[in-house]
Each structure stands twice: as C-alpha cells, then as structure tokens.
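Asks: only geometry, no sequence info:
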C-alpha cells in the first residue's frame with residue numbers, strides 16, 4: 001500500500017461529478033479579470049490539460065470530448081477509478097485522453113512521469129486538503145516539472161479560518177464512525193448520527209457556530225460517496241491561503257485570484273470598515289487573510305500562474321472585450337438580483353436588460369455587449385459584466401469556434417447517458433460536452449438524457465414518452481413528475497442549447 005492510499009478513502013468509490021471552475025476557459029477569463037496576462041484563450045484549440053486526482057475522470061472526459069484538438073491527461077492513485085475511466089473513454093471513442101494510475105507523492109521522480117506532457121493547465125479539485133504532507137510535496141515537484149511557463153494551475157481546498165469552528169465536528173464524525181462501522185460510507189453515516197445527537201444535546205461546539213450547523217444540515221442532502229471522501233480521510237487538514245501560496249512558490253507559482261469570479265471584487269465582499277483594514281496592506285496575501293477572516297469561505301478555489309505578467313487596465317479590458325458569451329436562461333427569467341456577503345445586489349435593468357436582449361439573438365463578445373443599442377445607462381467595466389453574467393450562471397463563456405465539430409461531444413453525451421441511466425439519480429449533477437463552449441454544460445442528470453435524445457432525433461422529444469423510457473421503474477405519480485420536469489427543461493433550456501450547437 002502506498003503512502004497515498006494508506007491515508008485516503010479507497011473502499012468507497014467517488015461519485016461522478018463535474019466542476020465548472022476546472023474549465024481552462026473559465027480559469028483564463030478569471031486570470032484576465034484579475035489583471036494577469038493569459039494566452040490560454042488564444043491557443044484554446046490545442047491545449048495540454050492535466051487533472052491531478054481525476055477520480056473517474058468524468059470532468060477530464062467532458063473537456064476532451066468538447067475539445068478534440070486537446071491533449072488531456074487524468075491522474076489518480078485508485079486503480080478502480082482509472083480502469084473505469086479508461087473503459088468509459090474507449091466506449092465514447094475519445095482518442096485524445098490518457099489516464100495514468102500513479103502515486104502523486106512519487107510521480108515526479110517515477111519513470112511514469114514521462115507519460116505526463118508539459119501542461120498549459122493543471123487542476124486539482126478536492127485533493128490538497130485531503131492528502132498527507134508527503135503527497136503535497138510530490139504535487140509541488142510535479143507542478144514544477146510539468147507546468148509550462150505562463151501556465152495556469154487551479155487548486156480547491158478546505159480553508160482556514162472558516163473550518164476552524166468545524167475541526168471538532170470533523171474529528172468526531174471520523175473517529176466515531178471508525179468505531180461504529182467498517183466501510184467508509186457506513187462510517188460517515190454513523191459518525192454524523194453521533195454528531196447530530198450531540199448537537200441536539202446542546203454541545204456548545206456543535207450548536208453555537210453557524211458554519212457547523214450548515215455542514216450538519218448539508219449532510220442530509222449530500223451523496224454518501226461525497227461525505228465519505230470529504231470526512232473520512234486520515235490526513236484531512238484544512239490550511240490557510242498564505243500557507244498554500246508558500247508551498248506552491250516551490251513550483252514557482254504566483255497566486256492570481258479566485259475562480260469564483262465575484263470573490264475578486266473586494267467591494268462586493270467586504271464592508272467599508274473591513275476594506276479600510278485590508279487597505280492598510282500592499283501584500284495581496286495579507287489582504288486575503290483579512291478577507292478570509294470576514295467571510296465564511298470554507299472552500300477556496302484559487303488560481304495560480306507560473307510567472308504572472310501584470311496587465312495595464314487598458315490591456316486587461318481589451319482582452320476581456322474579446323471574450324464571447326452565450327445566454328443560458330430565457331430572457332424573461334433573467335435574475336437581476338443576487339445575495340452577496342455585503343447584502344442584496346441589484347444589476348441595473350436599464351443596462352442588463354439590453355444586454356440580455358442582445359444575447360437572446362446569439363453569442364456576442366463582451367465588447368459588443370458594452371455598446372449594445374437601446375440601453376439607457378452604461379457600464380464600461382468588462383470585468384463586472386463578465387462576473388455578473390457568468391457567476392450567476394445565466395451566461396456561459398464561448399471558447400470554441402462557431403464551426404466546431406460537435407461529433408465527439410455528442411458521442412460522449414450518448415455514452416454518458418447510456419452508462420448513467422441505470423443509477424436512478426436523475427437529480428444528480430453531471431455535464432454534457434459542448435464543442436462551441438469548449439466546455440461542459442453542467443446540470444441535473446435528467447438534462448443530459450434530454451440533450452442526448454434531442455440531438456439524436458433532431459427535434460425535442462415528447463416528455464411523456466421520454467419519461468416512460470427513463471422512468472420504467474417509477475410509479476405513475478413519479479413518472480408524471482418526471483414528464484413535467486422534462487417539459488420544463490425543454491421550455492427553459494432548448495433555445496440556449498440550439499444557440500451553442502448542443503442539439
């Protein structure tokens with residue numbers, strides 16, 4: 001048993017999932033928004049992408065299917081994950097993806113490292129906080145060896161100080177579960193049972209902290225595979241942002257900002273009094289520490305660049321102006337408000353109404369949207385426009401060409417629909433590949449089935465017929481609910497799917 005597998009859950013396989021922030025297009029736009037030069041979008045059709053800790057490789061395969069010209073590599077230490085990923089990729093006909101079984105603590109020095117190409121983008125989702133220090137050190141050596149100059153890295157991790165109040169809860173769940181059950185999924189159920197009993201008994205460290213209460217409530221809605229991998233790893237260790245930056249400096253990486261776009265706008269996250277404290281410091285790492293002490297930010301999603309090159313405001317705005325966006329919601333359902341740490345924010349209808357009307361005609365560049373006719377107010381900040389539209393998931397970045405070949409993406413979507421149709425979790429989130437976005441379109445699994453059936457037939461399916469096919473094992477009432485859900489999906493999503501060549 002390797003050092004990695006000894007410390008990490010291996011008896012319960014991880015769930016299928018897709019995490020949009022791992023998209024190179026999203027990461028590149030976020031870097032530009034933060035004022036750092038990035039050529040990923042200019043060379044998007046031929047990128048080399050590496051995912052460390054890829055699990056079943058679903059996200060990596062979505063990106064490979066959406067971008068046939070890429071070289072995609074997924075790495076995981078769990079042989080069951082790698083075997084399943086290779087089988088899936090072969091069935092989907094993906095020839096531009098390679099899966100490698102490897103221990104990240106030693107891969108940089110292993111002959112197998114020769115199989116890992118120099119990367120334009122490397123992502124780690126749900127890895128750093130859950131593996132021992134020796135593996136983190138191996139990751140740093142691998143990044144130094146394989147991430148090209150100017151390349152992007154994305155790291156998501158459980159962050160301090162937000163997790164400080166929940167350290168006791170996590171230890172209770174893990175230690176109690178280990179004493180009450182054998183398999184990790186049963187352990188985590190048992191552990192949360194103890195935590196909830198103790199919270200009901202007025203244990204101060206479980207009842208007096210809003211973050212802990214939120215975690216306990218969320219556990220009832222989360223998949224058991226997620227909970228097992230989140231809470232039952234022996235080496236779980238949340239960290240401060242500054243400590244991660246210090247570690248990744250060993251790979252010559254510079255911190256850029258957050259993949260959660262709105263988190264990069266200090267005025268949307270801190271009050272005036274809090275900003276006054278943060279503004280005392282020129283060091284951006286220290287300013288982030290101040291921000292982390294003000295926000296309940298349990299998961300940080302940070303972007304790093306190997307050799308950050310700062311842009312002037314004009315250079316940044318010109319680069320952001322070339323970004324293309326597509327509308328993902330019906331114009332009449334566009335939301336002009338959002339809840340932010342500093343309160344309820346309103347997006348001016350006088351400007352954004354005209355933007356939405358323009359996007360309803362088809363994808364547009366940000367530069368085009370900033371000067372749409374018919375508006376009665378103006379916004380001259382492309383960063384704000386992108387952040388509002390993309391962070392609210394009401395628009396998507398269009399990174400691929402208009403004439404992108406959709407065949408690989410549709411073949412993958414058909415394979416995914418066939419393979420996932422048996423799990424019965426129609427509300428589970430997955431993603432469909434799309435060549436125009438150069439990215440996956442995330443949504444409930446039921447949407448994937450509707451997309452595949454629509455693309456295959458060339459027209460929208462009958463909701464009742466599709467519900468009958470998918471819901472053969474459901475009762476009549478449940479099939480009726482599925483029929484209504486499919487009808488709603490088609491009404492709300494079909495125009496957007498057509499605008500990006502999804503169907």
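Replies: Now that the structure is in, tell me what you want to look at. Bear in mind that the values here come from a model prediction, so they are computed numbers and not experimental data.
Asks: where's residue 320 relative to residue 39, distance?
Replies: Noted for residue 320: a distance of 14 Å to residue 39, by C-beta to C-beta, to the nearest Å. All C-beta atoms are positioned from the backbone trio N, CA, C, and that covers glycine.
Asks: More neighbours: which of those two?
Replies: Taking neighbours as other C-beta atoms under 10 Å, residue 320 and residue 39 compare with residue 320 leading, 22 against 13.
Asks: List the residues that contact the more buried one.
Replies: 29, 32-33, 366, 382-383, 386 (C-beta atoms under 8 Å, 6 or more residues apart in numbering).
Asks: Show residues contacting stretch 26-44.
Replies: Residues outside stretch 26-44 that contact it (C-beta under 8 Å, 6+ apart): 20-21, 24-25, 47, 67, 120-121, 123, 150, 152, 154, 256-259, 261, 264, 303, 305, 308-311, 313, 315-316, 319-320, 322-323, 383, 386-387, 390, 397, 399-400, 438-439.
Asks: Now restrict those to buried residues only.
Replies: For these, burial is judged from neighbour counts taken by 16 or more other C-beta atoms under 10 Å, and it is met by 20-21, 24-25, 47, 67, 120-121, 123, 150, 152, 154, 256-259, 261, 264, 303, 305, 308, 311, 316, 319-320, 323, 383, 386-387, 390, 397, 399-400, 438-439.
Asks: circling back to that earlier point, any chance of the contacts of residue 320 in a markdown table, plus secondary structure and distance to residue 329?
Replies: A markdown table is the format used below for the contacts of residue 320 (DSSP: H, G, I helix; E, B strand; the rest coil; distance: C-beta to C-beta, whole Å):
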| residue | secondary structure | distance to residue 329 |
| --- | --- | --- |
| 29 | helix | 19 |
| 32 | helix | 24 |
| 33 | helix | 22 |
| 366 | helix | 18 |
| 382 | helix | 21 |
| 383 | helix | 21 |
| 386 | helix | 16 |
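Asks: of all those residues, which comes closest to residue 80?
Replies: residue 29 (34.9 Å; C-beta to C-beta).
Asks: Could you check the pLDDT of the closest one?
Replies: Residue 29 carries a pLDDT score of 97 in this model.
Asks: In helices only, show me the buried ones among the contacts of stretch 26-44.
Replies: 24-25, 316, 319-320, 383, 386-387, 390 (DSSP state H).
Asks: which helix of this structure spans the most residues?
Replies: helix 476-499.
Asks: Show me which positions of that one end up buried.
Replies: Buried residues in helix 476-499 (16+ other C-beta under 10 Å): 479, 482-483, 485-487, 489-490, 493-494, 496-497, 499.
Asks: Could you dump these into CSV with distance to residue 137 and pLDDT added?
Replies: CSV is the format used below for the buried residues of helix 476-499 (distance: C-beta to C-beta, whole Å; pLDDT from 0 to 100):
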residue, distance to residue 137, pLDDT
479, 53, 93
482, 49, 94
483, 53, 96
485, 47, 96
486, 49, 96
487, 53, 97
489, 46, 96
490, 50, 96
493, 45, 95
494, 49, 96
496, 44, 95
497, 45, 96
499, 46, 94
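Asks: so which of these comes closest to residue 327?
Replies: residue 496 (6.2 Å).
Asks: contacting residues for the closest residue to that closest one other than its chain neighbours?
Replies: Counting by C-beta to C-beta, 6 or more residues apart in numbering, residue 496 lies nearest to residue 328, which is 4.9 Å off, once chain neighbours are set aside. Contacts for residue 328 were tallied using C-beta under 8 Å, 6+ apart; they are 393-396, 441, 493, 496.
Asks: Would you list the buried entries among the residues you listed?
Replies: Among the contacts of residue 328, the ones that count as buried by 16+ other C-beta under 10 Å are 394-396, 441, 493, 496.
Asks: Tell me where the model's unsure across this structure.
Replies: Along the chain, segments meeting pLDDT under 70 span 1-7, 13, 374-379, 422-424.
Asks: Please spell out which residue in it sits farthest from the middle.
Replies: What lies farthest from the middle of the chain is residue 201; by C-alpha atoms, centre = their mean that is 36.6 Å.
Asks: Tell me the spacing between that residue and residue 209.
Replies: Using C-beta to C-beta, residue 201 is found at 16 Å from residue 209.
Asks: Please apply the same query to residue 175.
Replies: Note on residue 175: its distance to residue 209, by C-beta to C-beta, is 19 Å.
Asks: and the two? which has more neighbours close in?
Replies: Using other C-beta under 10 Å as the criterion, residue 175 and residue 209 rank with residue 209 on top: 17 against 13.
Asks: Next up, the contacts around the nearest residue to that one once chain neighbours are set aside.
Replies: Distance criterion C-beta to C-beta, 6+ apart; nearest residue to residue 209, sequence neighbours excluded, is residue 165 at 4.0 Å. Each residue near residue 165 by C-beta under 8 Å, 6+ apart is listed here: 205, 209, 211-212.
Asks: Residue 165: what secondary structure?
Replies: Assigned by DSSP: H, G, I helix; E, B strand; the rest coil, the conformation of residue 165 is helix.
Asks: how about the helices in the stretch 1-150 of the chain?
Replies: Counting by DSSP state H, counting those that start in this stretch, the stretch 1-150 of the chain has these helices, from start to end: 3-7, 24-33, 58-66, 79-91, 133-146.
Asks: got a list of contacts for the last one?
Replies: Read that as helix 133-146. Defining contact as C-beta under 8 Å, 6+ apart, one finds that helix 133-146 is touched by 3-4, 7, 50, 52, 103-109, 113, 116-119, 122, 124, 127-128, 153, 235, 247-248, 250-253, 306.
Asks: Please list only the buried members of these.
Replies: Judged by 16+ other C-beta under 10 Å, buried ones among these: 3-4, 7, 50, 52, 103-108, 113, 116, 119, 122, 124, 127-128, 153, 235, 247-248, 251, 253, 306.
Asks: residue contacts, residue 127?
Replies: For residue 127, the contact set (C-beta under 8 Å, 6+ apart) comprises 52-53, 104, 139, 155, 157.
Asks: Out of these, which two are the most distant from each other?
Replies: Using C-beta to C-beta, the contacts of residue 127 reach their maximum pairwise distance at 104 and 157, which is 14.6 Å.
Asks: orientation of the biggest strand by length in the chain relative to helix 133-146 in degrees?
Replies: If you go by DSSP state E, the chain has its longest strand at strand 147-160. Angle between the axes of strand 147-160 and helix 133-146 is 150 degrees (criterion: axes from the mean of the first three to the mean of the last three C-alpha atoms, to 10 degrees).
Asks: Report all helices and strands that the helix or strand following strand 147-160 contacts.
Replies: Counting by DSSP states H and E, the element after strand 147-160 in chain order, helix or strand, is helix 167-180. Contact analysis of helix 167-180 by 3 or more C-beta pairs under 8 Å, 6 or more residues apart in numbering; DSSP states H and E lists helix 184-200, helix 204-207, helix 210-219, helix 224-231 as its packing neighbours.
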